[in-house]
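Q: Need a 3D model of the following:
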Amino acid sequence: MSVETQKETLGFQTEVKQLLHLMIHSLYSNKEIFLRELISNASDAADKLRFEALAKPELLEGGAELKIRVSFDKDAKTVTLEDNGIGMSREEVIAHLGTIAKSGTADFLKNLSGDQKKDSHLIGQFGVGFYSAFIVADKVDVFTRRAGASAAEGVHWSSKGEGDFEVATVEKADRGTRIVLHLKSGEEEFADGWRLRNVIKKYSDHIALPIELPKEHYGEDKPAEVEWEVVNRASALWTRPRTEIKDEEYQEFYKHIAHDFENPLSWSHNKVEGKLEYTSLLYVPGRAPFDLYHREAPRGLKLYVQRVFIMDQAEQFLPLYLRFIKGVVDSNDLSLNVSREILQSGPVVDSMKSALTKRVLDMLEKLASSDAEAYKGFWKNFGQVLKEGPAEDFANKEKIAGLLRFASTSDESGEQSVSLADYLGRMKEGQDKIYYLTGESFAQVKNSPHLEVFRKKGIEVLLLTDRIDEWLMSYLSDFDGKQFVDVARGDLDLGSLDSEEDKKAQEEIAKAKEGLVERLKTALGDEVAEVRVSHRLTDSPAILAIGEADLGLQMRQILEASGQKVPESKPIFEFNPAHPLIEKLDAEPDEDRFGELARILFDQAALAAGDSLKDPAAYVRRLNKLLVELSA
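A: Coordinates of the predicted model:
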């Protein structure tokens, strides 16, 4: 061993310490995944070297044949994994092996429960990576040298996986990384060629790099030099015919590229030939990552050009609302020196993006129709992100709308399980519109007075309670030729669902109550845009409707919360002329008392709509005064 210089001891980032502790104590039932994770990292290092060598061929240093070697020493109880990939500099070692630089770390740690079984799933959701080595090792040594650096610039990193690690400069003849795992007592099973071979075949057969193990010689003299043999298939999985690939291979490849712990929900493997030539392998994850709602977080597909790795997160091939999709795209039509700038636009990229987007939407349609339970899980994880689609992707608006799921008045559970196709299939005879209502919670909207006439007539209404919903509906005007109608907005027109007799009766009542309308306008003054007789109510005395062009309550609250100026608007006060309270109000001769009662009804209608009162104290004072009068 060469002399170490510039030796220093550094502390792990707090998050690393927590993750290490959790990993060591939670993943005891699946220890062998450490090898999968370390091989994946070595494969990534080879990919990065190939890419950098396109511009700087000298980085290959004459060793263009990239490979991974796994060896073991039963007596020393060690497992060693070595690659001749890109390697790391001293600064990169400290950055990559001392910290977790992934967005969502805080959310991840906040979600840890202390329940080992649950937490092991969370680890997989976050990704395990290099630190999985400590599941089986009580000490890990890393020897590495970055391609292009001199032999004297090698780095030795060492840690027992506790509070700190040591870094020193060391002589290293070859580029790349060698990881030595000093196995814990009880983990000696991994210092065995047969065991390692089985783990590699199980998890890493799809790795496009040769993975070599020392050839074992049974009943014969060992040669003087170690003979190596390739134990994996060593061909890019996506380049093989679909008929030759088992589901287990697809699943393991997903775990490799996504650094995920669980199987994907679905995948689609396609080779496109003709005007454009490319292969894609796209996956729908089974679980949402912690940084899903960080729209600026790194995302995208692994990009290869003619099987050469180019980019880890090429975001140009799928729209932002499909940022949860993982996978690989391998093109014959892009140049090997392609850069992020070149990818920003161009007919090849645009054409591929359009085709890959449709491919993903088709995959989701297939999942929804073939496995309702799996799609329910997908919707729970990714539904709100998919709702960004209609605003971002006009060309596929109808297709995306068909994938959306809603709660509705047909199901008291509040589960978002109703598709627009389900709704259309249950529409009443003569119904030509899709009715919906937005609000803060299912409990609030399902009891909204706006639904009374719909319940009376047996008309289903979609109930939208996600914060994004009102914004979504501003981009969804119709589906399958049927217009969307917000039941809390404008003057409700049920079209042919109202009989001629109903319409005539409504006109007569409106005429008869013109005097009451005027009195209410005077009493409520500039609090309201309009006062009118309601056709929506059967049980409640009054409601507030939204003007056709006005922002709804949900959008107003979102804009206010973000500090944006909200355009001023006033609600429409609608009253139910058949309600006893309205009849009493109409008969009230004292205009001051009439005004007080009108304000109480107005505030109650605002509360029923989920709004907050401008002057709650005044409402309580009026209500108390009324209660005193009634009890006198």
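
Q: Which residues are in contact with the spatially most central residue of the chain?
A: Against the mean C-alpha coordinate of the chain, by C-alpha atoms, centre = their mean, the closest residue is L292 at 3.9 Å. For L292, the contact set (C-beta atoms under 8 Å, 6 or more residues apart in numbering) comprises R323, F324, F382, V385. All C-beta atoms are positioned from the backbone trio N, CA, C, and that covers glycine.

Q: My assumption is that the last one lies in a helix; please confirm.
A: Yes. In this structure, V385 lies within a helix as judged by DSSP: H, G, I helix; E, B strand; the rest coil.

Q: Distance of it relative to Y293?
A: 8 Å (C-beta to C-beta, to the nearest Å).

Q: Show the subsequent helix or strand relative to the helix-or-strand element of the chain with minimal mean pLDDT.
A: Each helix and strand of the chain was given a mean pLDDT (mean pLDDT, DSSP states H and E); the minimum falls on helix 116-126 at a mean of 49. Remark: after helix 116-126, the chain's next helix or strand is strand 137-145, criterion DSSP states H and E.

Q: Tell me which residues are up against that next one.
A: Strand 137-145 has contacts (C-beta under 8 Å, 6+ apart) with 34, 79, 87-88, 93, 97, 133-134, 151, 153-161, 170, 172, 174-184, 187.

Q: hmm, try it at 7 Å
A: Strand 137-145 is contacted by residues 87-88, 93, 97, 133-134, 153-161, 170, 172, 175, 177-184 when judged by C-beta atoms under 7 Å, 6 or more residues apart in numbering.

Q: PyMOL command for the buried members of these?
A: This is how PyMOL selects the buried members of the contacts of strand 137-145, with burial counted by 16 or more other C-beta atoms under 10 Å:
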select buried, resi 87+88+93+97+133+134+153+154+155+156+157+158+159+161+170+172+175+177+178+179+180+181+182+183+184
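
Q: Mind checking which of the contacts of strand 137-145 are in strands?
A: Within the contacts of strand 137-145, residues falling in strands by DSSP state E are 154-159, 170, 177-183.

Q: Report pLDDT for the residue lying closest to R90 once chain neighbours are set aside.
A: Sequence neighbours aside, V155 is the residue nearest to R90 in space, at 4.9 Å (criterion: C-beta to C-beta, 6 or more residues apart in numbering). We note a pLDDT of 96 for V155 in this prediction.

Q: wait, doesn't V155 sit right on V93?
A: Yes. Between V155 and V93 there is a contact at 5.0 Å, judged by C-beta atoms under 7 Å.

Q: Residues that sit against both of those two, list them.
A: T144, V167.

Q: S413: how many residues sit nearby?
A: S413 has 8 neighbouring residues, counting by other C-beta atoms under 10 Å.

Q: where does the stretch 101-250 of the chain have low pLDDT?
A: Residues of the stretch 101-250 of the chain that meet the criterion pLDDT under 70 lie in 101-128, 218-222, 224.

Q: what's the neighbour count on G62?
A: Count around G62 with other C-beta under 10 Å applied: 6.

Q: Pretty sure it sits in a helix.
A: No. Assessed with three-state DSSP, G62 is coil; it does not lie in a helix.

Q: picking that back up, residues contacting the residue nearest to R90?
A: By C-beta under 7 Å, 6+ apart, the neighbours of V155 are M88, R90, V93, T144, R145, V167, T169, V170.

Q: again, only using 6 Å
A: Going by C-beta atoms under 6 Å, 6 or more residues apart in numbering, V155 touches R90, V93, T144.

Q: hang on, the earlier thing: turn the contacts of L292 into TSV, including distance to V349.
A: What follows is the contacts of L292, written out as TSV (distance: C-beta to C-beta, whole Å):
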residue	distance to V349
R323	17
F324	21
F382	24
V385	22
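
Q: the helices in the stretch 1-150 of the chain, which residues?
A: With DSSP state H, counting those that start in this stretch as the criterion, the stretch 1-150 of the chain has helices at 14-26, 33-55, 90-98, 105-110, 116-126.

Q: With respect to K584, which of the contacts of V155 is nearest?
A: V93 (80.3 Å; C-beta to C-beta).

Q: hang on, the closest one packs against W157?
A: Yes. Using C-beta atoms under 6 Å, V93 is in contact with W157, at 5.1 Å.

Q: quick one: low-confidence parts of the stretch 251-400 of the chain?
A: Per-residue confidence for the stretch 251-400 of the chain (pLDDT under 70) gives these ranges: 336-342, 344-345.

Q: can you give me the strands in the stretch 151-300 of the chain?
A: 154-159, 164-170, 176-183, 211-214, 228-230, 266-272, 278-284 (DSSP state E, counting those that start in this stretch).

Q: how about those strands in a markdown table, adding distance to K565?
A: Below are the strands of the stretch 151-300 of the chain laid out as a markdown table (distance: least, C-beta to C-beta, whole Å):
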| stretch | distance to K565 |
| --- | --- |
| strand 154-159 | 53 |
| strand 164-170 | 51 |
| strand 176-183 | 54 |
| strand 211-214 | 60 |
| strand 228-230 | 65 |
| strand 266-272 | 44 |
| strand 278-284 | 40 |
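
Q: just to revisit the earlier point, distance of the residue nearest to the centre of the chain from T438?
A: Distance, L292 to T438, by C-beta to C-beta: 23 Å.

Q: same thing with K376?
A: Relative to T438, K376 is positioned 22 Å away (C-beta to C-beta).

Q: Looking at these two now, which is surrounded by more residues?
A: T438 (26 against 16).

Q: ok, that one touching D469?
A: Yes. T438 lies in contact with D469 (C-beta under 6 Å); the separation is 5.1 Å.

Q: Would you mind telling me which of V385 and Y293 has the busier surroundings?
A: Using other C-beta under 10 Å as the criterion, V385 and Y293 rank with V385 on top: 18 against 13.

Q: which ones are touching that one?
A: By C-beta under 6 Å, 6+ apart, the contact list for V385 reads Y321.

Q: Kindly state the domain boundaries assigned to the chain.
A: The chain is divided into the following domains under automatic domain parsing: 5-235, 239-380, 404-494, 500-631.

Q: now those as a markdown table including distance to D393?
A: Output for the domains of the chain, formatted as a markdown table (distance: least, C-beta to C-beta, whole Å):
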| stretch | distance to D393 |
| --- | --- |
| domain 5-235 | 25 |
| domain 239-380 | 5 |
| domain 404-494 | 10 |
| domain 500-631 | 21 |
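
Q: Which one, of those domains, ends up nearest to A391?
A: Smallest distance to A391 across the domains of the chain (C-beta to C-beta): 4.5 Å, for domain 404-494.

Q: Let me know the average pLDDT across the closest one.
A: Per-residue pLDDT over domain 404-494 has a mean of 90.
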